[in-house]
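A.B. asks: model this:
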Amino acid sequence: MSTINGKATRYDSKGVDYVQIFDWVSGRSVGIVTPAETGEWTYDYYYDMHVGFTYVSDGCAPITHGAYVFKSEWSLQSFINSGDPGVLYDPSDLSTLFKDTLFLFPVKDSGDKVAAMLNKNDLESIVKTTSDFSDNFDGWVGSTLQLLPDNSMRCNSRCYYSFDSIPGQYYNITINITALNFSVRLGPDWHSAHSSSTGLLSYRFIADDAVTSIGMDSASRDSWGGSDDFYEIDAISIISESNTHLTQSNPDNRPTYKTDGFLHWLAFNGYTDFLHCESTTYMSNDSFIFSAAVMNEDSWLTTVYSTSNSPSNHLALKEDTSGTATMFVGDGTSIVRDEMAQINMPSVLCATRSNNITSLFVNELQQQDTSPVVAGTISGLWLGRPDGTESYNTFNYYGGIICKYHNDHNAISKYLSYKSGVL
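C.D. replies: Numbers count the residues shown, from 1 in each chain. The predicted structure follows:
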């Protein structure tokens, strides 16, 4: 956390009514601060900011000044990485969103369907994803490489790509072959996988060294191709296996990426949309933070997260438009909380579990504590899945964090508030 210190007074040396902090580029409000009577004010921030300030006071013309750049000393990434295998899902980072489950084709435009969302806390698992080879073939090396008009790549012989790897770690490489006149072989030893037709070709391998080279060649398994042989590739992904990336293999069940130019979110249609990872055992239920920035789109109860294993539905954050926040813990027994403010506006929900006390915070306001019996681990995560009901959920998801408990859980709420536009 970092702090801005300021002073804003009127003509009579009294403090102004409030200070409006806004993003200098978008104009979106970042925060509102009420100064002391003498005008001193402070504002804590948890991310780098490019902002301006407007001083507002009754009977006085507002005064705006800026722009100012503030660098935060607090890093969400380092917060999660402090010995913690937690997850960070961020729809504003398009490098984590893909239109397919093989991580070949990234989401680019508002309205694209999302088949996979990566955990930003595990991005080292995404070694390379390429669907545009215009920048020096994106690191691929070969004597016969050619760039085609659509920014795909053509090769008449061998080419390779080298990357830092973890010995003993499993990796998957997938290529999309758009044209060829002989065959393509693929793998760390150049010929592990083989195809003589267009379409997807994948290979799973285990890294032996700290640096691994992946090769492609225009040859069959047992013989070399001729000098005129070629293959064309329009997308390549190299990833290490991770159990924290959310995917949806059914095209009809995929949420939609949307943006208004400033905020970014996944829109779940309320009928069939959800993302899922099958077996994600990454923390104990005895100590955790579960959080999300969401907004309801209709009157249905919204289940943000669900988990599997025994007991089922370990933890689900819920909200509904009747003004009630509900948290499901353990066997699904509901804990009804106080009314939520601005239920139809973006809201940040944060549940913590520490020292046998489970608490729910709504827009940083703490609700009633409780201490239900919770055992086991959080495993198998659904985003947007119904929780013991036949109805799905229509809501927008601006981002979420799941990690071990830390005293600084307010920092997580602050970060998600910024992502969702919640003041």
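
A.B. asks: give me the number of residues near Gly27?
C.D. replies: As a burial measure, Gly27 scores 9 neighbours (other Cβ atoms under 10 Å). C-beta: built from backbone N, CA, C; applies to glycine.

A.B. asks: Assign it to helix, strand or coil.
C.D. replies: Put simply, Gly27 is coil when judged by DSSP: H, G, I helix; E, B strand; the rest coil.

A.B. asks: same check, this time on the one 5 residues further on
C.D. replies: At Ile32 the chain is in strand, as set by three-state DSSP.

A.B. asks: Give the bridge partners for it, please.
C.D. replies: Taking DSSP bridges as the rule, Ile32 bridges to Gln20.

A.B. asks: now it: how far from Phe22?
C.D. replies: Going from Ile32 to Phe22 by Cβ to Cβ, to the nearest Å gives 10 Å.

A.B. asks: the more surrounded of those two?
C.D. replies: The residue with more neighbours, out of Ile32 and Phe22, is Phe22; 19 against 14, by other Cβ under 10 Å.

A.B. asks: average pLDDT for the helix or strand harbouring that one?
C.D. replies: Element membership for Phe22, per DSSP states H and E: strand 18-23. Mean per-residue pLDDT for strand 18-23: 92.

A.B. asks: Please apply the same query to stretch 272-290.
C.D. replies: Throughout stretch 272-290, pLDDT has a mean value of 71.

A.B. asks: Just the terminal-to-terminal distance for it.
C.D. replies: 23 Å (Cα to Cα, to the nearest Å).

A.B. asks: same question, stretch 154-174
C.D. replies: End to end - Cα to Cα - stretch 154-174 spans 16 Å.

A.B. asks: in that stretch, what counts as buried?
C.D. replies: Arg154, Cys155, Asn156, Ser157, Arg158, Cys159, Tyr161, Ser165, Tyr171, Asn172, Ile173, Thr174 (16 or more other Cβ atoms under 10 Å).

A.B. asks: just to revisit the earlier point, so the strand holding Phe22 versus strand 29-33, what angle?
C.D. replies: 160 degrees (axes from the mean of the first three to the mean of the last three Cα atoms, to 10 degrees).

A.B. asks: So what touches strand 18-23?
C.D. replies: 6, 8, 28-35, 41, 43, 49-56, 262 (Cβ atoms under 8 Å, 6 or more residues apart in numbering).

A.B. asks: now do stretch 88-95
C.D. replies: By Cβ under 8 Å, 6+ apart, stretch 88-95 touches 76-77, 80, 96-97, 106-108, 117-121, 123, 126, 246, 257, 259, 263-266, 383, 397-401, 419.

A.B. asks: can you tell me the distance between the two ends of it?
C.D. replies: One end of stretch 88-95 sits 13 Å from the other (Cα to Cα).

A.B. asks: Which of the residues in it are classified as buried?
C.D. replies: Buried residues in stretch 88-95, defined by neighbour count with 16+ other Cβ under 10 Å: Leu88, Tyr89, Asp90, Pro91, Ser92, Leu94.

A.B. asks: What's the mean pLDDT across that stretch?
C.D. replies: Stretch 88-95 carries an average pLDDT of 90.

A.B. asks: Verify the stated contact: Ser242 with Lys120.
C.D. replies: No. The criterion here is Cβ atoms under 8 Å, and Ser242 misses it with Lys120 at 11.7 Å.

A.B. asks: Kindly export stretch 158-172 (C-alpha atoms) in PDB.
C.D. replies: What follows is stretch 158-172 as a C-alpha-only set of coordinates in PDB (Å, rounded to 0.1, in the frame of the first residue of the first chain):
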ATOM      1  CA  ARG A 158      13.400 -27.000 -40.100                       C
ATOM      2  CA  CYS A 159      12.600 -24.200 -37.700                       C
ATOM      3  CA  TYR A 160      12.800 -24.100 -33.900                       C
ATOM      4  CA  TYR A 161      12.000 -22.100 -30.800                       C
ATOM      5  CA  SER A 162      13.900 -22.200 -27.500                       C
ATOM      6  CA  PHE A 163      12.500 -21.300 -24.100                       C
ATOM      7  CA  ASP A 164      13.400 -21.600 -20.400                       C
ATOM      8  CA  SER A 165      11.800 -24.700 -18.900                       C
ATOM      9  CA  ILE A 166      11.500 -26.500 -15.600                       C
ATOM     10  CA  PRO A 167      13.100 -29.900 -15.600                       C
ATOM     11  CA  GLY A 168      10.500 -32.600 -14.800                       C
ATOM     12  CA  GLN A 169       7.600 -30.300 -15.800                       C
ATOM     13  CA  TYR A 170       5.100 -31.400 -18.500                       C
ATOM     14  CA  TYR A 171       4.500 -29.100 -21.400                       C
ATOM     15  CA  ASN A 172       2.000 -29.100 -24.300                       C
END
